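Visitor: fold the following for me, if possible:
(chains A and B)
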Protein chains: 2
Amino acid sequence: MSEYIEHDKNGISVGLVEKKFFTFAEPPHEMILESAEKLGPITIAYETYGRLDPDKSNVILILHALSGDSHVAGYYTRDDQKPGWWDIMVGPGKGIDTNKYFVICSNILGSCMGTTGPSSINPKTNKPYGLDFPVVTIGDMVKAQKALLDHLGIKKILSAIGGSIGGMQVLEWCVRYPEMVVSAIPLATTTRHSALAIAFHEVARQAIMADPNWNNGDYYSGPKPNLGLAVARMIGHITYLSDESMRHKFGRRLQNKSDFSFNFDADFQVESYLRYQGAKFVERFDANSFLYITKASDYFDLENQHGSGSTVKAFSKTRAKFLVVSFTSDWLYPTYQSKAMVQAMKKNGLDVSFCEIEAEWGHDAFLLPNDRLTKLMKGFLARVYRQIQR
Amino acid sequence: MSEYIEHDKNGISVGLVEKKFFTFAEPPHEMILESAEKLGPITIAYETYGRLDPDKSNVILILHALSGDSHVAGYYTRDDQKPGWWDIMVGPGKGIDTNKYFVICSNILGSCMGTTGPSSINPKTNKPYGLDFPVVTIGDMVKAQKALLDHLGIKKILSAIGGSIGGMQVLEWCVRYPEMVVSAIPLATTTRHSALAIAFHEVARQAIMADPNWNNGDYYSGPKPNLGLAVARMIGHITYLSDESMRHKFGRRLQNKSDFSFNFDADFQVESYLRYQGAKFVERFDANSFLYITKASDYFDLENQHGSGSTVKAFSKTRAKFLVVSFTSDWLYPTYQSKAMVQAMKKNGLDVSFCEIEAEWGHDAFLLPNDRLTKLMKGFLARVYRQIQR
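Guide: So this is what the prediction gives:
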């Protein structure tokens, strides 16, 4: 079923995959956003792997995080050296087994990887939107994903799965479209963005907006705010790791030198790593998209948006079975936040499994190879799939 | 002894105080830095409070952190509304009792509050040094402080006290001039800067260096890199707080609005707080000084610089009695780092008291009112003072 890729990195992959597009909300049928603004047309970039069961009961919806895209697994061409961002988890026989399940992942609204966002052409001006793009929410992203699923004729999601901002979308799906979601796996996430997480996002945004090339969001015909975006990404990378993982990965080791430079070059490996991550990111990501997606996650507050201030109430219509996973060293969305969400789910009598995985890799842990996580997810998905087939 | 200030904020203060200056290392007798570069002349700004005992046995040396200065306590004028940065701790009858002790604090080398730093005039060019200022270390800062104490005729320090980068200077003093230091109180600090702490400093430096007004450090005759420095300060402020304190102080409360703005204004109080802190900082601090002082602390590694890789060996000549204090929610210099330092001290048979104080305020806790800390320090100082008077 999947084509053989010679340099396949993570065991057998789903093989060659293709980015597809779906456009909807053509004026005058624009989508109404949470801000009450209208947006349309909207194009959604998405990919699918595996085969849809005749009764469409094997759909797994993967929701990606801040800098992700629809390219979860496989390769675009035979020469493509880099598989999708979760290729270790998604593929034949893997944690999310594409021999069994039909996987869908779409690029989120506001991003820059094929789905409509601030770098897309505004049909009213024939120029990129820039800051004329309306501020979108996690709810708006999910509403757009729902339009895609309607288009594909999908009425049930066997499991909605995602980490971080992807996990927020998972929770939003369960609350917004409870009749559609059979099960859900929110990983390393939260029901409401904390002050600490908002603070990191705000400083990253300020770094972008302080770059004169940002030019109030209107930079698509000139130099880009690459220095600001690189600093923003560096801030992000610190929050994705942990004190422990940085100690093990870098410690105080120097980068290609035996003594201090006594200048402002990168002396330490950790400095060199961050500079590299920043420089690499600006090649592939749009600074305005960074602003919009961080803002959407800062606004995320399930208990206020769906529960009049109560997390228990927010989940009151939800019917999904849950596997909630947190990681010991994740200080961006610490375990106590997952536990609070689990408690609210349980108070609604929901079927919830919770696991805090011992991992030193901080928030990033959900993206890294982890046997425990793979087994947990595989077992959970097999159980819910069995249950609906009875 | 101390003059009455009508609007005195923290109980009775030391009253009116004066910034003094001491200049040394006049060419050709420049100070030799750890980098092997020469620097001179060097001016040190300092303040003293209290009265020196006839036998000069009551000297307390306070060492300040990144953005601090010599102005620890009291007021400069009768109209001055803002006391020194540790006025809650230093004054008549306070934790560091100026009725008993003679307190000295000097602005650190590389800073911009009166002591020679990158914004000082380079006598060779008659223009501010900028990046021609040599990179200095914590050791260089301490060496300059030693010159000041020699000038004042001080041969014994009853106690060297400081938090954060001030704590690094405390440790450096104990190791570099063991015969001079009777006791020491390193607060919320570390013997070697961790990869996480280096990472935050590096991103802050990158934010400054990404500001085109920084102009490779040569901005003293033009616009200053205020936007970059503000972002750097915002990053700092996040690391000084904690998840817990931010939750209590800000939570998800909005700033002067009842609903989201759906734009990139500051929606949340935490955003507004950070923007304010950034904007306020650029009025009083030099961006290059921020680069130099963060670099000095990144280089700090007592075990490599003084112990050939062993923390135990680094303290082998030290004779000081120690009170080591960490704070539960300090994730910049977490308790495990203080414990490692205490263990190394104890292996040298040193008299060490260690206390981890329960505090939600993160790294900043050492600067905030805390009865426990005040009592601990007061008791410790009284004991060491009694012991040397026998």
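
Visitor: can you pull out the strands in chain A?
Guide: A:20-24, A:31-32, A:38-39, A:42-49, A:59-63, A:90-91, A:96-97, A:102-106, A:121-122, A:127-128, A:159-163, A:183-187, A:321-327, A:352-357 (DSSP state E).

Visitor: hmm, who's touching stretch A:355-369?
Guide: A:85-86, A:88, A:163-164, A:187-188, A:239-242, A:244-245, A:248, A:323-333, A:335, A:338, A:370, A:372-373, A:376 (C-beta atoms under 8 Å, 6 or more residues apart in numbering or on different chains). In this view, the C-beta of every residue, glycine as well, is placed from N, C-alpha and C.

Visitor: figure out how far it is from the centre of its chain.
Guide: The chain centre lies 15 Å from the centre of stretch A:355-369; the measure is C-alpha atoms, centre = their mean, to the nearest Å.

Visitor: what about that stretch, start to end distance?
Guide: Distance across stretch A:355-369, first residue to last, is 16 Å (C-alpha to C-alpha, to the nearest Å).

Visitor: same question, stretch A:133-144
Guide: OK, stretch A:133-144 end separation, C-alpha to C-alpha: 15 Å.

Visitor: who touches that stretch?
Guide: Taking C-beta under 8 Å, 6+ apart as the rule, stretch A:133-144 contacts A:31, A:33-35, A:37, A:39, A:42, A:44, A:106, A:108-110, A:115, A:117-118, A:120, A:122, A:165, A:168-169, A:172-173, A:176-177, A:288, A:292, A:295-297, A:299-300, A:305, B:260, B:262-264.

Visitor: filter those down to the buried ones, PyMOL style.
Guide: Those of the contacts of stretch A:133-144 that count as buried under 16 or more other C-beta atoms under 10 Å in any protein chain shown are selected in PyMOL with:
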select buried, (chain A and resi 31+33+34+35+39+42+44+106+108+109+110+115+117+118+120+165+168+169+172+173+176+177+288+292+295+296+297+299+300+305) or (chain B and resi 260+262+264)
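
Visitor: show me the contacts of stretch A:133-144 that map onto helices.
Guide: A:165, A:168-169, A:172-173, A:176, A:288, A:292, A:295-297, A:299, A:305 (DSSP state H).

Visitor: closest to residue A:352 among the residues you listed?
Guide: Distance to residue A:352 across these (C-beta to C-beta) is lowest for residue A:173, with 15.9 Å.

Visitor: once you drop chain neighbours, what's closest to that closest one?
Guide: In space, and not counting its chain neighbours, residue A:173 is closest to residue A:160: 4.7 Å by C-beta to C-beta, 6 or more residues apart in numbering or on different chains.

Visitor: re earlier: make TSV out of the ones in helices among the contacts of stretch A:133-144 and add pLDDT and distance to residue A:79.
Guide: As requested, the ones in helices among the contacts of stretch A:133-144 are exported to TSV (pLDDT from 0 to 100; distance: C-beta to C-beta, whole Å):
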residue	pLDDT	distance to residue A:79
A:165	98	31
A:168	98	35
A:169	98	32
A:172	98	38
A:173	98	36
A:176	98	41
A:288	98	31
A:292	98	33
A:295	98	37
A:296	98	35
A:297	98	35
A:299	98	41
A:305	94	45
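
Visitor: verify the contact between residue A:52 and residue A:102 for me.
Guide: Yes. Between residue A:52 and residue A:102 a contact is recorded at 4.3 Å, counting by C-beta atoms under 8 Å.

Visitor: what sits in contact with each of those two?
Guide: Applying C-beta under 8 Å, 6+ apart, one finds that residue A:52 and residue A:102 are jointly contacted by A:58-59.

Visitor: compare neighbour counts for these two and give me the winner.
Guide: For the pair residue A:52 and residue A:102, the greater number of neighbours falls to residue A:102 (20 against 16), based on other C-beta atoms under 10 Å in any protein chain shown.

Visitor: tell me what the more buried one is bridged to.
Guide: residue A:59 (DSSP bridges).

Visitor: mind listing what the nearest residue in space to residue A:202 that is not next to it in sequence touches?
Guide: Of all residues not flanking residue A:202 in the chain, residue B:271 sits nearest, at 4.4 Å (C-beta to C-beta, 6+ apart). For residue B:271, the contact set (C-beta under 8 Å, 6+ apart) comprises A:198-199, A:202, B:255.

Visitor: what do you get for residue A:95?
Guide: Counting by C-beta under 8 Å, 6+ apart, residue A:95 touches A:89, A:373-375, A:377-378.

Visitor: so of these, which two are at opposite extremes in space?
Guide: Largest pairwise distance in these, by C-beta to C-beta, is 11.5 Å, between A:89 and A:375.

Visitor: between those two, which has more neighbouring residues?
Guide: When neighbours are counted by other C-beta under 10 Å, residue A:89 and residue A:375 differ, and residue A:89 comes out ahead with 24 against 11.

Visitor: hmm, back to that, of the contacts of stretch A:355-369, which are in range of chain B?
Guide: A:241-242, A:331 (C-beta under 8 Å from any C-beta of the partner chain).

Visitor: in CSV, list the residues you listed along with distance to residue B:8, neighbour count and pLDDT.
Guide: Output for those, formatted as CSV (distance: C-beta to C-beta, whole Å; neighbours: other C-beta atoms under 10 Å in any protein chain shown; pLDDT from 0 to 100):
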residue, distance to residue B:8, neighbour count, pLDDT
A:241, 45, 27, 94
A:242, 44, 26, 94
A:331, 40, 19, 95
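
Visitor: output those residues in JSON lines; the columns should cover distance to residue B:183.
Guide: Conversion of these to JSON lines gives the following (distance: C-beta to C-beta, whole Å):
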{"residue": "A:241", "distance to residue B:183": "37"}
{"residue": "A:242", "distance to residue B:183": "35"}
{"residue": "A:331", "distance to residue B:183": "35"}
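
Visitor: show me the shaky parts of chain A.
Guide: Applying pLDDT under 70 to chain A flags residues A:1-7, A:9-10.

Visitor: state which helix of it is the longest.
Guide: Chain A, longest helix under DSSP H: helix A:371-389.

Visitor: show me which residues of the stretch 1-150 of chain A are close to chain B?
Guide: A:35, A:37, A:131, A:134-135.

Visitor: quick one: which two of those are the most distant?
Guide: Using C-beta to C-beta, the two most remote members of these are A:35 and A:131, lying 13.6 Å apart.

Visitor: for residue A:296, what are its contacts?
Guide: With C-beta under 8 Å, 6+ apart, residue A:296 has these contacts: A:110, A:135-138, A:140-141, A:165.

Visitor: ok, residue A:45 next?
Guide: A:19-21, A:69-70, A:106-107, A:113-115.
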